[in-house]
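A.B. asks: pasting a predicted model and its sequence here:
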Amino acid sequence: MDTLRCQICNRRPAKFVRFKAHQGLIIVRWETEIAGVFCKFHAVEAYKRARSVSFTGMWFGATSLFLGVLRTAWDTISLLDLPNAPVDEPWTIHPAYCPNCSSLIGGYAGVSRCSSCQETVAFCKCARCQTFHAVHVSENAEWRLRCASCGHSTPGSEAIEYSPTILVAYASAELVAAIEHADAFGTQVIDRVLELLSTGLLHSVRSRSVAVEVYPARARSCVASTAVSASWGSRA
Ligand SMILES: [Zn+2]
Ligand SMILES: [Zn+2]
Ligand SMILES: [Zn+2]
């Protein structure tokens with residue numbers, strides 16, 4: 001089941017959900033169905049859309065009012081069967097409502113600014129359950145993510161794993177290490193590049209520790225300097 005991905009944002013886990021919206025006039029009634037494979041975020045969005053359609057039609061007649069209420073109640077019950085919260089993955093854009101101004105914003109993992117209210121927002125994940133969240137953070141102070149899914153508290157420094165700058169830094173460090181150790185710049189390095197591309201850097205953290213262990217001095221300093229400057233340098 002976990003292999004299903006949201007048809008809108010491509011995140012997982014996702015599942016098939018269906019919401020029926022009832023719309024009624026005095027003599028005409030019709031139903032609209034909103035269905036698809038959605039992540040939790042987009043399942044709730046679909047539900048809100050169905051509900052607003054229901055509420056719009058409900059005021060036109062007594063029968064419609066009854067059916068509208070019934071449908072809304074039924075949809076609320078089926079809400080209990082939503083997919084689990086989406087997990088964070090490399091190169092994934094997460095949609096979220098700004099925790100400060102409630103605007104719909106989106107971004108990769110990392111600290112950024114709400115395009116609407118300019119507040120500093122972090123797209124980050126819980127270290128225990130791996131689910132993804134958008135939180136309001138203070139720019140100059142340490143912050144923690146309190147997970148809305150499991151309650152675990154994650155320090156900000158551990159809550160951002162797949163920021164593009166960090167992924168690029170890891171990949172660069174690995175390539176530098178590979179080039180350093182290749183007798184001749186050739187197929188070995190090219191194979192490594194292809195491998196990184198095909199895995200989508202899914203094992204970036206493991207790969208980094210391998211690079212640090214296997215290629216001590218050079219790789220270690222490279223990982224440290226590029227990762228730190230990449231994560232903090234882009235915020236100015
Ligand atoms: Zn989605
Ligand atoms: Zn905002
Ligand atoms: Zn959690």
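C.D. replies: Sure thing, it's come through. Ligands and ions are numbered 1, 2, ... in the order given.

A.B. asks: where in this protein is the helix or strand with the lowest mean pLDDT?
C.D. replies: With mean pLDDT, DSSP states H and E as the measure, the helix or strand of the chain carrying the lowest mean pLDDT is helix 216-233 (a mean of 42).

A.B. asks: so which bits of this structure are right by ligand 1?
C.D. replies: For the chain, the contact set with ligand 1 under CB under 5 Å from the ion comprises C6, I8, C9, C39, H42. In this view, the C-beta of every residue, glycine as well, is placed from N, C-alpha and C.

A.B. asks: how near is C98 to C129?
C.D. replies: Computed as CB to CB, to the nearest Å, the C98 to C129 distance reads 23 Å.

A.B. asks: swap in C9?
C.D. replies: C9 sits 19 Å away from C129, taking CB to CB as the criterion.

A.B. asks: again with L145
C.D. replies: Using CB to CB, one obtains 11 Å as the distance from L145 to C129.

A.B. asks: would you mind listing the residues in contact with the residue nearest to R5 when sequence neighbours are not counted?
C.D. replies: Beyond its immediate neighbours in the sequence, the residue positioned closest to R5 (CB to CB, 6 or more residues apart in numbering) is R12, lying 4.9 Å away. Under the criterion of CB atoms under 8 Å, 6 or more residues apart in numbering, the contact list for R12 reads D2, T3, L4, R5, C6, C39, P86, V87, E89.

A.B. asks: can I get those residues in JSON lines with neighbour count, distance to P155 and pLDDT?
C.D. replies: Output for the contacts of R12, formatted as JSON lines (neighbours: other CB atoms under 10 Å; distance: CB to CB, whole Å; pLDDT from 0 to 100):
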{"residue": "D2", "neighbour count": "11", "distance to P155": "27", "pLDDT": "65"}
{"residue": "T3", "neighbour count": "7", "distance to P155": "31", "pLDDT": "82"}
{"residue": "L4", "neighbour count": "15", "distance to P155": "32", "pLDDT": "91"}
{"residue": "R5", "neighbour count": "16", "distance to P155": "29", "pLDDT": "93"}
{"residue": "C6", "neighbour count": "22", "distance to P155": "29", "pLDDT": "93"}
{"residue": "C39", "neighbour count": "29", "distance to P155": "26", "pLDDT": "94"}
{"residue": "P86", "neighbour count": "26", "distance to P155": "21", "pLDDT": "94"}
{"residue": "V87", "neighbour count": "17", "distance to P155": "19", "pLDDT": "92"}
{"residue": "E89", "neighbour count": "19", "distance to P155": "21", "pLDDT": "86"}
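
A.B. asks: quick one: which of those residues is nearest ligand 2?
C.D. replies: Relative to ligand 2, the closest of those is P86; by CB to the ion it sits at 20.3 Å.

A.B. asks: ok, the closest one touching A43?
C.D. replies: No - using CB atoms under 8 Å as the test, P86 is too far from A43 to be in contact (10.4 Å).

A.B. asks: care to break the chain down by domain?
C.D. replies: Taking automatic domain parsing as the domain assignment, the record places the domains of the chain at 15-81, 94-159, 164-233.
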